[in-house]
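> Quick one, fold the following:
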Amino acid sequence: MANGGGLRIVLDPTGISDGAEQVIATHREVLDGLVAVGGSKWTVSELRRLAEAEMDLSADSSAVTFGSHVSTEKVVRDSAAKAEEKIDAYLVESSMRKDLYESLVAFEARIGQEPDLSAQVTAEEKRMLDRLLRDFVRNGVALGDETRDRFMAVKKRLSELSIEFSKNLNEESSRLAFSRQELDGMQEDYLASLKRDDDGNFLVSLKYPEVLPLLRYCKVEETRRRMDVLNSSKCQDINVPLLEEALKLRFEMANLLGYQNFAAFQLEIRMAKDPETVAKFLNDLRQKLEPLAVKEHQRLLTFKKAEKEACGEAFDGELHPHDMMYYHTRLLDEAYQIDDEEIKKYFPLSKVVSGSLEIYQRVLGLRFEQDITRETWHDEVSCYAVYDQASEEFMGNFYLDLHPRDGKYGHAAVFPLQRAADRENGIRQKASCAMLCNFTPSTEARPSLLKHSEVVTFFHEMGHVFHNICTEVKMHYFSGTRVERDFVEAPSQMLENWCFEAESLELMSGHFETGEPLPDHLLRRIKTAKNVNTGLLNLRQIFFGVVDQTLHMSAGDVDTQQLWAQLRKDITMFAQAPGTNPSGGFGHIMGGYQASYYGYLYSEVFSADLFSKFASSSPLDQELGFRYRKSILAPGGSVDGLETVKNFLGREPNQESFLKQIGVTP
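Residues are numbered from 1 along each chain as shown. Below is the predicted model of the structure:
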């Protein structure tokens, strides 16, 4: 299923099931063979064979599991989810193979004792060996037999819970019906995109292009309230029990390994290193933001009071969760003349895509070609081949899947289907990845148009694409975005700044009727309004980080609904809607960001510092862009994230640019 230039996604249930069995059998056979050699007789060839086996396992697993996120057929999605569950259960077992661990220990000992052998092992391979041994210990290989069996059972169950949680979110299909009057304030193109029931009412789902515009623009408070309640209670009946079971199991797993709690276990291998560092970072930032947020909250409350009086409606003296984005949008419109509906006319999706690719070509020294011969999983999906501009070397490819579908992954993310790395014979496997987004589709009246915030999302996700494709590491273990979890967002966050610069926006924008790029006066307004309500919006991110840390510093016996409501009011100043528990829709902490959500803000410190170099030059500076590619993207995880930042900056990083960027300091 894997190959040099991409891989074939399996989309038939039988092929998926058989493929999963083959993936497991092939990998197990390689490991059995390596163990049979015995670590005392290993050469560097065995280590490289192990690395290649992990590379094949990863790509071939993607081929049979990716369909769960993109297929239009439920039977395929279900089959792919079952395949993922089966493969993950095998991964738990293989990650605890004591015989393989002992082979690696013996080989490492020989490297330390035999200079000739040590000279044959590269620095990257030694780093991989060190990390593999660390991972085995963290996976419970050193535990006693009975304890190890329990540890394995816990990890398998956690994998099942994660897959089921994600599947429930992907399959979520709740809708509410509203009359035209109840949708007062919504544009005609929005209404035209909605399905209708037999009575002619408009059906609004929780897909991003439907729920988010409603919460921003609908003038009818009761409509916003109902949609906010639906969104806040998304999957709560089926997913909250899964999360609460996972919390108990994570605590048990950490305890079995001797850690005080799951957060301590998880953070040990992050840049932050421990819960105390994370708590200090979040608390210090919260204290800096709170004075701003209090003023912003009062300003929005005053705005609401004035609107209610003008409309002759009762004012209850409070801002509710369903008010935040509505009055934020009204403030941007009236005080800063930021009209999203007007601005998005300059950002047809096709222009954003072509302009973004042109920028990435220039800045990173790449060349793209659309590959219409590549088989895709849906007719809306496009594929691009990537070449190094100077050498014309083929580097990999990526897929763009940009519109919502029933059953499709509901957020924005990049899936590394196949990571770039070298095989034992020296042949390089090329990177292949897929970007999944959920932008409003075209209608008969107009093409797909993006709000400026969606342009930022697209450009951010493209950053992850090229983090994967531009990697130059030899070992799959360190390829692309396989860096510390609290650093992985930094490269893409840095690139978001291009969406606020005239040089780059001239390439990314073009009015869908006239082709005119975004006018200077609109860009000035966008930049002026960039930090409007920065206190409230960043406190929201801090809230998510604190919820995550609190859950994972507990013993798992937490009432998630009560905790969510308490912390939301304390930190964000907004009360949670009664009877709702949004933790059922908090996919991050069941999908890889558990005890790590703080990383979104933490990595912004580095991203702002990295951009300071471009800010003093030009966003299209090719020489600086190429240095960024080589210093930040190329090393992947083969160098600690902090070291790559220092290498690019030529100094130690600091928070100065970050605090200025979010409006805390002038």
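> Residue 643: how many residues sit nearby?
11 (other Cβ atoms under 10 Å). Heads up, the C-betas are built off the backbone N, CA and C, glycines and all.
> so it sits in a helix?
Yes. Assessed by DSSP: H, G, I helix; E, B strand; the rest coil, residue 643 belongs to a helix.
> What separation is there between it and residue 652?
Remark: distance between residue 643 and residue 652 (Cβ to Cβ, to the nearest Å) = 11 Å.
> Can you tell me, leaving aside adjacent residues, what's nearest to residue 139?
Excluding its sequence neighbours, the residue lying closest to residue 139 (Cβ to Cβ, 6 or more residues apart in numbering) is residue 95, at 4.3 Å.
> Surely the one you found and residue 138 touch.
No. Applying Cβ atoms under 8 Å as the test, residue 95 and residue 138 come out as separate, 9.0 Å apart.
> for the residue nearest to residue 139, what are its contacts?
Residues counted as contacts of residue 95 (Cβ atoms under 8 Å, 6 or more residues apart in numbering) are 135-136, 139, 141, 155.
> repeat for residue 52
423-424, 476.
> Likewise for residue 324?
By Cβ under 8 Å, 6+ apart, the neighbours of residue 324 are 300, 536, 574.
> Would you map the strands across the chain?
Applying DSSP state E to the chain gives strands spanning 175-178, 195-196, 202-205, 366-370, 382-388, 394-401, 413-418, 421-422, 428-429, 431-436.
> Out of those strands, the one nearest residue 316 is which?
strand 175-178 (22.0 Å; Cβ to Cβ).
> If you count neighbours, what's buried in the closest one?
Using 16 or more other Cβ atoms under 10 Å as the test for burial, strand 175-178 gives 175-176, 178.
> Also stretch 606-617?
606-614.
> Please apply the same query to stretch 303-321.
In stretch 303-321, counting by 16+ other Cβ under 10 Å, buried: 303-304, 307, 319-321.
> Kindly reformat these as TSV containing distance to residue 660.
Shown next, in TSV, are the buried residues of stretch 303-321 (distance: Cβ to Cβ, whole Å):
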residue	distance to residue 660
303	27
304	30
307	33
319	28
320	32
321	30
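> give the contact list for residue 567.
543, 546-547, 550.
> For it, give me the pLDDT.
Looking at residue 567, its pLDDT reads 98.
> how far away is it from residue 211?
Taking Cβ to Cβ, one finds residue 567 at 23 Å from residue 211.
> and what of residue 195?
14 Å.
> between these two, who's got more neighbours?
Neighbour count, other Cβ under 10 Å: between residue 195 and residue 211, residue 211 has more, with 18 against 12.
> I'd guessed that one sits against residue 231; true?
Yes. At 5.8 Å, residue 211 counts as touching residue 231 under the criterion of Cβ under 8 Å.
> Give me the pLDDT value at residue 2.
47.
> Please apply the same query to residue 8.
Taking residue 8 on its own, its pLDDT is 89.
> and it, what are its phi and psi?
phi -90, psi 120 (degrees, to the nearest 10).
> Any regions of this structure where pLDDT drops low?
1-6 (pLDDT under 70).
> Mind listing the residues bridging to the spatially most central residue of it?
The centre of the chain sits closest to residue 413, judged by Cα atoms, centre = their mean, with a distance of 5.0 Å. Per DSSP bridges, the residues bridged to residue 413 are residue 436.
> Contacts only, for it.
435-436, 461, 464.
> what about 10 Å?
Residues counted as contacts of residue 413 (Cβ atoms under 10 Å, 6 or more residues apart in numbering) are 69, 434-437, 461, 464, 587, 591.
> nearest spatial neighbour of residue 380, skipping sequence neighbours?
residue 403 is the one closest to residue 380 (Cβ to Cβ, 6+ apart), at 5.8 Å.
> What number of residues are in the vicinity of that neighbour?
So residue 403, with other Cβ under 10 Å, has 19 neighbours.
> Give me the buried stretch members for the helix ranked longest in the chain, please.
The longest helix of the chain (DSSP state H) is helix 275-311. Residues 275, 278-279, 281-282, 285-286, 288-289, 292-293, 296-297, 299-301, 303-304, 307 are the ones in helix 275-311 that count as buried (16+ other Cβ under 10 Å).
> Which strands or helices does that helix pack on?
helix 221-232, helix 262-267, helix 321-336, helix 534-552, helix 599-615, helix 656-661 (3 or more Cβ pairs under 10 Å, 6 or more residues apart in numbering; DSSP states H and E).
> rerun at 6 Å
Secondary-structure packing of helix 275-311 (3 or more Cβ pairs under 6 Å, 6 or more residues apart in numbering; DSSP states H and E): helix 262-267, helix 321-336, helix 534-552.
> Off-centre distance for the shortest one?
Going back to what we said before, that points to helix 262-267. 20 Å (Cα atoms, centre = their mean, to the nearest Å).
> Residues in contact with it: which ones?
Here helix 262-267 makes contact (Cβ atoms under 6 Å, 6 or more residues apart in numbering) with 250-251, 254, 259, 274-275, 549, 552-553, 595.
> repeat for stretch 541-554
247, 261-263, 275, 278, 282, 286, 558, 567-568, 571-572, 589, 595, 597-598, 601.
> Just the CA coordinates for it, please, in PDB.
Extracted C-alpha coordinates of stretch 541-554, given in PDB (Å, rounded to 0.1, in the frame of the first residue of the first chain):
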ATOM      1  CA  GLN A 541      -7.700  29.300  25.400                       C
ATOM      2  CA  ILE A 542      -6.300  29.400  28.900                       C
ATOM      3  CA  PHE A 543      -9.600  28.000  30.100                       C
ATOM      4  CA  PHE A 544      -9.300  25.000  27.800                       C
ATOM      5  CA  GLY A 545      -5.700  24.500  29.000                       C
ATOM      6  CA  VAL A 546      -6.600  24.700  32.600                       C
ATOM      7  CA  VAL A 547      -9.500  22.300  32.200                       C
ATOM      8  CA  ASP A 548      -7.200  19.800  30.500                       C
ATOM      9  CA  GLN A 549      -4.500  20.100  33.200                       C
ATOM     10  CA  THR A 550      -7.000  19.900  36.000                       C
ATOM     11  CA  LEU A 551      -8.600  16.800  34.600                       C
ATOM     12  CA  HIS A 552      -5.200  15.100  34.200                       C
ATOM     13  CA  MET A 553      -3.700  16.100  37.500                       C
ATOM     14  CA  SER A 554      -6.700  14.500  39.200                       C
END
